[in-house]
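Novice: one predicted model, sequence on top.
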Amino acid sequence: MELTVNLGPDTYPIYIENGILPQTGSYIRKFFTGKKIMIISDDHVFPLYGKTVLDSLKDYECHSLVLPHGEPTKSFQTLPQIYSAMLDARLTRSDLVIALGGGVIGDLAGFAASSFLRGVRLVQIPTSLLAQVDSSVGGKVAVDLPQGKNLVGAFFHPKAVIIDPDVLNTLPQHFISDGMGEVIKYGCIKDKALFDTLVRHTSFEDLKPELTRIIARCVDIKRIVVEHDQFDTGERMLLNFGHTLAHTIEQYYNYERESHGEAVGIGMYQITRLAEEKGLTTTGCADAIKKALDIYWLPDHCDLPMSSLTDAIALDKKNLNNHLNLVLLHTIGDSYVRPDSLAFFDGAGQI
């Protein structure tokens, strides 16, 4: 399957197909006529899939940089190591960077590519469910600061995204659940039929025969939203459903307890619960989200007092001109952006 993100000069294809990874080189040859490629990956992914990708790129001079896995790697302090590797490889603006990994590598390698020599071409090959359905598409690249997640970043679109659902077979259950947090999000904000499909199943294994189609649907939703709002000033904010709380939960625990998808699950449920109490969301939506989270082994609470998170929320990128743009649901499949303030969370107690 091929989808196209239509963004004028930044238009790019997304290829989604089981078993596509060994064909990486043939897809890259469609647009890349340079000589050098640098693969940036991590120490979990590269031993599994690095050779497969390298074998498909024998026509090129290839270099690789393997970084430690995990969110702490996605920091400003990692960038000098990446830039040094690019300089050692004598990478130029006519060359190519491949981000081979999950969301951390996609964001980090993408930001390095966007800033090295003011921009080196990029291909995203996401190897986690979360990255396949969400972070690899849309051109957002970033690194974290101690004060918050993704606070230094850029809009930098790849030249292509290559998605092979077969690579998910090597993922531990924890990372499958992590990705399902974002899949549930897409059903919540834009597609009740997708949400109903997710809750109709009893487990991820039960859902697996439909997985490639579900990945494609999530990617297509994001494609449409990004085409309408490339720079995150309007409709694209809907993709942040659950993230206002999620990012602060992740940061509170120094990215060492809840994974991103787990934190998004908590954020979606808790903000919907609060919105229902205020009459801003149809009653029953929070319970529906909780049911979906339970099916895919995702938490709905983190046992933190809301007061512990409000300082970080104040620094959130969605907090513009002292107004917090909250993403809420009218009902499942129908979302909206509500300008509000930190007062929304007053009296929230423990979440």
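Specialist: That came through, no problem. Residues are numbered from 1 along each chain as shown.
Novice: what's the distance between residue 119 and residue 94?
Specialist: According to Cβ to Cβ, to the nearest Å, residue 119 and residue 94 sit 11 Å apart. For every residue, glycine as well, the C-beta is placed using N, CA and C.
Novice: confidence score at the residue nearest to residue 291 when sequence neighbours are not counted?
Specialist: Leaving aside its chain neighbours, residue 291 sits nearest to residue 199 (5.6 Å; criterion: Cβ to Cβ, 6 or more residues apart in numbering). For residue 199, the model assigns a pLDDT of 97.
Novice: residues contacting residue 199?
Specialist: 288, 291-292, 295 (Cβ atoms under 8 Å, 6 or more residues apart in numbering).
Novice: list just the nearest of these to residue 216.
Specialist: Distance to residue 216 across the contacts of residue 199 (Cβ to Cβ) is lowest for residue 292, with 19.5 Å.
Novice: can I take it that that closest one is in a helix?
Specialist: Yes. Counting by DSSP: H, G, I helix; E, B strand; the rest coil, one finds residue 292 located in a helix.
Novice: what about it, how many neighbours?
Specialist: 26 (other Cβ atoms under 10 Å).
Novice: begin at 44, not 1, for the rest of this chat.
Specialist: In the new numbering, first residue 44, that becomes residue 335.
Novice: pretty sure it sits against residue 241.
Specialist: Yes. Using Cβ atoms under 8 Å, residue 335 is in contact with residue 241, at 5.5 Å.
Novice: any shared contact partners between these two?
Specialist: 227, 230.
Novice: would you map the strands across the stretch 44-193 of the chain?
Specialist: 45-48, 55-59, 79-85, 104-110, 139-144, 164-169, 183-188, 191-198 (DSSP state E, counting those that start in this stretch).
Novice: and for the stretch 194-343 of the chain?
Specialist: 203-206.
Novice: pLDDT weak spots in it?
Specialist: Counting by pLDDT under 70, the stretch 194-343 of the chain has no low-confidence residues at all.
Novice: let's see that with 90 instead.
Specialist: 194, 215, 217, 273-277, 287, 290, 293-300 (pLDDT under 90).
Novice: the most centrally placed residue in the chain: what's it in contact with?
Specialist: Nearest residue to the geometric centre of the chain (Cα atoms, centre = their mean): residue 178, 2.6 Å. Counting by Cβ under 8 Å, 6+ apart, residue 178 makes contact with 146, 149-150, 169.
Novice: okay, and which of the residues you listed map to helices?
Specialist: 146, 149-150 (DSSP state H).
Novice: of those, which is the nearest to residue 224?
Specialist: residue 146 (11.6 Å).
Novice: look up the closest residue to the closest one, ignoring the ones flanking it.
Specialist: residue 178 (4.0 Å).
Novice: from residue 155, how far out is the one you found?
Specialist: 15 Å.
Novice: okay, now the domains of the chain?
Specialist: Here the domain parsing of the chain from automatic domain parsing is 45-213, 216-388.
Novice: nearest to residue 394, of the ones you listed?
Specialist: domain 216-388 (4.5 Å).
Novice: how far out from the middle of the chain is that closest one?
Specialist: 12 Å (Cα atoms, centre = their mean, to the nearest Å).
Novice: that older thread, which among the ones in helices among the contacts of residue 178 end up buried?
Specialist: 146, 149-150 (16 or more other Cβ atoms under 10 Å).
Novice: going along the chain, name the helices of the protein.
Specialist: Under DSSP H, the chain gives helices at 67-71, 89-98, 122-131, 146-158, 172-173, 216-233, 235-243, 247-250, 254-271, 286-295, 303-320, 328-338, 353-357.
Novice: distance to residue 369 for those - can I get that in TSV?
Specialist: Output for the helices of the chain, formatted as TSV (distance: least, Cβ to Cβ, whole Å):
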stretch	distance to residue 369
helix 67-71	39
helix 89-98	38
helix 122-131	32
helix 146-158	23
helix 172-173	22
helix 216-233	13
helix 235-243	20
helix 247-250	30
helix 254-271	17
helix 286-295	6
helix 303-320	7
helix 328-338	15
helix 353-357	10
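Novice: how close does residue 106 get to residue 268?
Specialist: Distance from residue 106 to residue 268, by Cβ to Cβ: 35 Å.
Novice: oops, could you answer that again for residue 375 instead?
Specialist: 17 Å.
Novice: what do you get for residue 235?
Specialist: For residue 235, the distance to residue 268 - Cβ to Cβ - is 16 Å.
Novice: tell me which of these two has more neighbours.
Specialist: Neighbour count, other Cβ under 10 Å: between residue 235 and residue 268, residue 268 has more, with 22 against 14.
Novice: show me the contacts for that one.
Specialist: Applying Cβ under 8 Å, 6+ apart, the residues near residue 268 are 233, 278-279, 281-282.
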